[in-house]
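need a structure here:
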Amino acid sequence: MNSFLDRILSVQTDDEQLARRGRLLNAVILIMIVGDLLTFLNDIVFGLVRPEYLSAELMGFAGLGTLYWYTRRGHRWTPFVFVTFLAFFTPYAFQNDLERPHALVLAIPIVVVPLVASSWLSILVAAIEIIMVYALSTIRGGPFPNPLVVIFLGLLGVVSWLSSWTLENAFKEARRNASDLAETNRELQTNRVLLEARTHDLERESAYQAASAEVGRAATSILETGQLMEQVVELIRERFDLYYVGLFLVDESSKWAVLRAGTGQAGQAMLARGHQLQIGSGSMIGWSIANKQTRVALEVSQDTVRLATAELPDTRAEAALPLRSRGRVVGALTVQSAHPGVFDQDSIIVLQVMADQVAVAIDNARLFAESQAALEAARRAYGQLSHQAWTEMLRAQPNLGFIKNQRGVSRADNLWRPAMRTALQTGEPSLGDSNRTRLAIPIKIRDQVIGVIDAHKPEGAWTPEEIVLVESLTEQMGVALESARLYQDSQRRAAQERLIGEVTSRIRESLDIETVLKTTASEMRQALDLDNLVIRLATPGTDGASKPAQERT
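Below you'll find the model as predicted:
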């Protein structure tokens, strides 16, 4: 029902006040049309139709219908025509009853005016009606209307104008307030949208920073390259909600970028088949490594360089980021999404920072592995030298050992019990008897067994704590023995160098050949404690080889 009334009373205008007045005017016009129609039907039913009334009623239908049609279309003049019609028609219609009190029906146009037109017209309509009733009374020559009617009409016009003006001002104020409130709501809505967008940006930046921090922690805590790469690609894929992340490293030939880590089943499949890309312009990875720059494809179908991969059919956006460390590119990182246009400038900056962190970590891991290999080689070389030195020393002193008992300290020449031989051969502690009172601990220097400590308790078996204590003391003794050997070697080398210096200085005291030969023979025999020493000079032969003097031809 409401929708039907809205349709028949609606006005085609954007002016809210004009639309409101137009709807009220349409309602009044329709009421008058219905009343006129009922009167017409009543006259027909009861045979009261007069030609002059019939024409007036038809003209009324036509005039009211015309006003209704124009009012529906938002014309502003229709209320004024209607009010003018009421102002002149009402006094004329009741001209025979103007002296009676019920002539107050003249107040209807004054009351209707504020509903359908400007409020100031209430005074004008009241004035017109007062003039009309006096003019009609004068024309009829009849009595003038009741003064109360005239006073009532005038007061009603003023009161109607004041009340309508007050209501209109209140309505305008309410409308301004509503407009201000709507504007405030729009601003609040805009601020809410901006706040939500800013909150989203902050959350995204926070997620980026957290992801970067996690990558940094992994880069500084993991030294094994394979584990580092696998953890980094999974971390980036998870934190950035990506379809696929892969990490390529440049091979030794610097011609190919070889996949070293990839996420998901696609990554495992490509790793299994040894996926690699040529460095250059044949792919985004190759282009990124060759140019040392990031390459982004917001829509992969529009990138002429990108090389499609069968294992990744749903990729819509891709970015290739070079892995840069110490001025060189060690590889590249590919990040792919199933949604187009997801890689904005902020995300690319964060991803590139993480890629550089990973590159430095990979380079550090490589350098660490190389340093460990060099250190291990040095350890092996030093261990071999140490082993050779101890071997030579023990050959020179094969029965070096001591025994300490209640009688004191004495030489333990050629004393090798079964437990001692077992510890010497296995390099592990050995309990030599069934009572577990004898303990043999190998003496080790750089994993080389050079001797054995044989300890015997008068009673009671060796406990694990005691064995550990003896092993610790034996280890410290090994360190001390190695230090002592090194000190002896340094002292021996110092003595040799000092002796060489002294002999050389004496040899160089003379410039005579025979004197130099005699001095050399004497000093070398004395320094080396030799029985005799022969020095002979030979004549060079024609073939360049030296020969004794008696063999010359």
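
hang on, Thr334 packs against Arg237?
No - using CB atoms under 8 Å, Thr334 is not in contact with Arg237; the gap is 11.0 Å. Glycine gets a C-beta too; all of them are placed from N, C-alpha and C.

Buried residues, stretch 454-461. List them.
When neighbours are counted by 16 or more other CB atoms under 10 Å, the buried residues of stretch 454-461 are found to be 454-455.

Give me the distance between the two termini of that stretch.
With CA to CA, to the nearest Å applied, stretch 454-461 spans 14 Å between its terminal residues.

now stretch 72-86
Length of stretch 72-86, first residue to last, CA to CA: 20 Å.

Could you do stretch 439-451 as well?
Criterion CA to CA; first-to-last residue distance in stretch 439-451 is 14 Å.

So which residues of the stretch 451-553 of the chain form helices?
Under the criterion DSSP state H, counting those that start in this stretch, the stretch 451-553 of the chain contains helices at 464-507, 513-528.

Likewise for the chain?
The residue ranges that make up the helices of the chain, judged by DSSP state H, are 2-9, 16-45, 51-72, 78-93, 107-116, 121-140, 147-221, 225-239, 264-272, 284-291, 345-396, 418-426, 464-507, 513-528.

Packing partners of the second one?
Identification of packing neighbours for helix 16-45 by 3 or more CB pairs under 8 Å, 6 or more residues apart in numbering; DSSP states H and E yields helix 2-9, helix 51-72, helix 78-93, helix 107-116.

Quick one, which of the helices of the stretch 451-553 of the chain gets closest to His275.
Of all these, helix 464-507 sits nearest to His275, with 50.0 Å by CB to CB.

Enumerate every residue touching Leu321.
The contact partners of Leu321, taken as CB atoms under 8 Å, 6 or more residues apart in numbering, are 288, 294, 332-335, 348, 351-352, 355.

Go again with 7 Å.
By CB atoms under 7 Å, 6 or more residues apart in numbering, Leu321 lies in contact with 288, 294, 332-333, 351-352, 355.

can you list those residues in JSON lines and add neighbour count and pLDDT?
Putting the contacts of Leu321 into JSON lines (neighbours: other CB atoms under 10 Å; pLDDT from 0 to 100) gives the following:
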{"residue": "Ser288", "neighbour count": "28", "pLDDT": "90"}
{"residue": "Thr294", "neighbour count": "19", "pLDDT": "91"}
{"residue": "Ala332", "neighbour count": "31", "pLDDT": "92"}
{"residue": "Leu333", "neighbour count": "28", "pLDDT": "91"}
{"residue": "Leu351", "neighbour count": "25", "pLDDT": "86"}
{"residue": "Gln352", "neighbour count": "18", "pLDDT": "87"}
{"residue": "Ala355", "neighbour count": "27", "pLDDT": "87"}
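
how near is the residue nearest the centre of the chain to Leu18?
Within the chain, one residue has its C-alpha closest to the average C-alpha position: by CA atoms, centre = their mean, that is Tyr208, at 2.5 Å. Applying CB to CB, to the nearest Å, one obtains 56 Å for the distance of Tyr208 from Leu18.

Give me the below-cutoff pLDDT ranges for the stretch 201-350 of the chain.
Counting by pLDDT under 70, the low-confidence segments of the stretch 201-350 of the chain come to 223.

give me the number of residues near the residue nearest to Pro458 when sequence neighbours are not counted?
Nearest-residue entry for Pro458: Thr437, 7.6 Å, with adjacent residues in sequence omitted and distances by CB to CB, 6 or more residues apart in numbering. Using other CB atoms under 10 Å, Thr437 has 16 neighbouring residues.

Could you do the one 10 residues further on as well?
Each residue near Asp447 was counted by other CB under 10 Å, and the total is 9.

which residues sit in contact with Ser301?
The neighbourhood of Ser301, defined by CB under 7 Å, 6+ apart, contains no residues.

make it 10 Å
Under the criterion of CB atoms under 10 Å, 6 or more residues apart in numbering, the neighbours of Ser301 are 308, 315-316, 340.

and what of Arg237?
243-246, 262-264, 267, 335-336.

Can you lay out the residues you listed as CSV showing distance to Thr504 and neighbour count?
Written out in CSV, the entries for the contacts of Arg237 read as follows (distance: CB to CB, whole Å; neighbours: other CB atoms under 10 Å):
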residue, distance to Thr504, neighbour count
Tyr243, 78, 20
Tyr244, 74, 23
Val245, 70, 23
Gly246, 68, 27
Gly262, 68, 26
Thr263, 71, 21
Gly264, 75, 16
Gly267, 70, 23
Val335, 71, 26
Gln336, 75, 26
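
can you tell me which of those lies nearest to Thr166?
Tyr243 (68.2 Å).

just checking, the closest one touches Leu312?
Yes - using CB atoms under 10 Å, Tyr243 makes contact with Leu312 at a distance of 7.3 Å.

Quickly list what's touching both of those two.
Contact criterion CB under 10 Å, 6+ apart; residues bridging Tyr243 and Leu312 by contacting each: 264, 266, 318, 336, 338.

Kindly reformat the residues you listed as CSV containing distance to Ile151.
CSV is the format used below for those (distance: CB to CB, whole Å):
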residue, distance to Ile151
Gly264, 96
Ala266, 98
Glu318, 91
Gln336, 91
Ala338, 86
